[in-house]
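Mind looking at a prediction? Sequence and model below.
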Amino acid sequence: MAKRPKTIITCAVTGAIHTPTMSDALPYTADDIAGQAIAAAEAGAAILHLHARRPEDGGVTIDPDAFAAFLPRIKQATGAVVNISTGGSLKNSIEERIAPALRFSPEMCSLNMGSMNFSFHPLASRYDSWKFDWEKDYVANSDTYIFRNTFRDIETVARALAPHRIKFEHECYDVGHLYNLRFCMDIGLFKAPIFIQFIFGILGGIGPEVDNLVFMKRTADRLFGEDYRWSVLGAGGAQMSLATTASQMGGNVRVGLEDSLFISRGQLATSNAQQVTKIRRIVEDLGCEVASPDEAREMLGLKG
Ligand code: KMH
Ligand code: ZN
């Protein structure tokens, strides 16, 4: 029997969705983001997916200076792969969203593969102590915004970052995004091997059912053959169960407080490292090995 590939754990440390009012563990000062990222790497995360926040109120910022306040510390203390978000907030232009990546030229960046409505999924609150409030959490935050990632935006990111040889974490929230990605490869925007993050459980995207994971994987197999590596991000309550299923299917996993504030039903996570430790234990208990940062570099063909 062929040896199972090692599992790459990505930790998404803070994100742009949750607010500090939802959990005391969500890091938002530079010290906290650096400290939690370093601890997550020590716990077994090979890749650190990073957003920045304003230290005064925890709001999202894409000011490169805010990244400068924690990136050197993380790089100095860990060998983990740094992955900078180009997601920004729903109000930023694509040019603003790529400014941090242009300045820091990381090994990886996220790249969102389609425009969509984007919000908390009511399912995300099924483990939660906070309750999903349609008016407050959806209408106020998202109703008037579209998470804009047009083909032109995707092309802008690809062409602007091409000289930096950054590997993208292609964020695919639904099956159509896989077809968008295939089209972009066909017109020469991305080279194999590509790295796809299958995302489940964001309202506006595909739901967090195992059937959907199998469908996304089967579709990607058909579209990309041997040319892709993949990982799974389950939002909210689906985080650990979908990550476990993904690792058993030979895929990689993403955890972190960006994607879920919880460690188990009704219990807030105390840190990103706690989630990394949990998924690492599950992955290893079920007979897989976790990839080191250098093994992840090799598996994904990173510039190093
Ligand atoms: N927040 C996640 C659902 C990005 O940063 O560009 C997807 C994400 C997107 O991490
Ligand atoms: Zn992100």
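That came through fine. Ligands and ions are numbered 1, 2, ... in the order given.

Leu102: what's its closest spatial neighbour, skipping adjacent residues?
Ala160 (6.6 Å; CB to CB, 6 or more residues apart in numbering). Glycine gets a C-beta too; all of them are placed from N, C-alpha and C.

List the buried residues in the one helix or strand the one you found maps to.
Element membership for Ala160, per DSSP states H and E: helix 151-161. Residues of helix 151-161 classed as buried by neighbour count (16 or more other CB atoms under 10 Å): 153-154, 156-158, 160-161.

cool, stretch 281-290 as well?
Judged by neighbour count using 16+ other CB under 10 Å, the buried positions of stretch 281-290 are 282-283, 288, 290.

and what of stretch 187-206?
Taking 16+ other CB under 10 Å as the criterion, stretch 187-206 shows 189-190, 194-206 as buried.

So which of these belong to strands?
Judged by DSSP state E, the subset of these located in strands is 194-200.

The residue in the stretch 101-250 of the chain positioned nearest to ligand 2 in helix, strand or coil?
As assessed by CB to the ion, ligand 2 sits closest to Ser110 within the stretch 101-250 of the chain, at 5.5 Å. Under the three-state scheme (DSSP: H, G, I helix; E, B strand; the rest coil), Ser110 adopts strand.

any idea of the pLDDT on the residue in the stretch 51-200 of the chain that ligand 2 sits nearest to?
Nearest residue of the stretch 51-200 of the chain to ligand 2 (CB to the ion) works out as Ser85 at 4.1 Å. With respect to pLDDT, Ser85 scores 98.

I'd guessed it sits against Ala16; true?
Yes. Look at Ser85 against Ala16 with CB atoms under 8 Å: they come within range, at 7.3 Å.

Quick check: which of the buried residues of stretch 281-290 has the minimum pLDDT.
Here the lowest pLDDT out of the buried residues of stretch 281-290 sits on Cys288, with 95.

And the closest residue to that residue other than its chain neighbours, how close does it get to ligand 1?
Using CB to CB, 6+ apart and skipping the chain neighbours, the partner closest in space to Cys288 is Thr7 (4.9 Å). Plainly put, Thr7 is 19 Å away from ligand 1 if you go by CB to the nearest ligand atom, to the nearest Å.

Identify the bridge partners of Thr7.
Assessed by DSSP bridges, Thr7 has beta-bridge partners Val290.

my guess is it meets Leu286, correct?
No. The criterion here is CB under 8 Å, and Thr7 misses it with Leu286 at 9.6 Å.

anything in contact with each of these two?
Ser247 (CB atoms under 8 Å, 6 or more residues apart in numbering).

Counting neighbours, go ahead and name the busier of Ser85 and Ala16.
The residue with more neighbours, out of Ser85 and Ala16, is Ser85; 26 against 19, by other CB atoms under 10 Å.

residues touching the more buried one, list them.
Contact analysis of Ser85 by CB under 8 Å, 6+ apart lists 15-16, 49-51, 100, 109-110.

follow-up on the earlier one: distance of the residue of the stretch 51-200 of the chain closest to ligand 2 relative to Glu171?
To Glu171, Ser85 is 9 Å away according to CB to CB, to the nearest Å.

Give me the common contacts of these two.
In contact with both Ser85 and Glu171: Ser110, using CB under 8 Å, 6+ apart.
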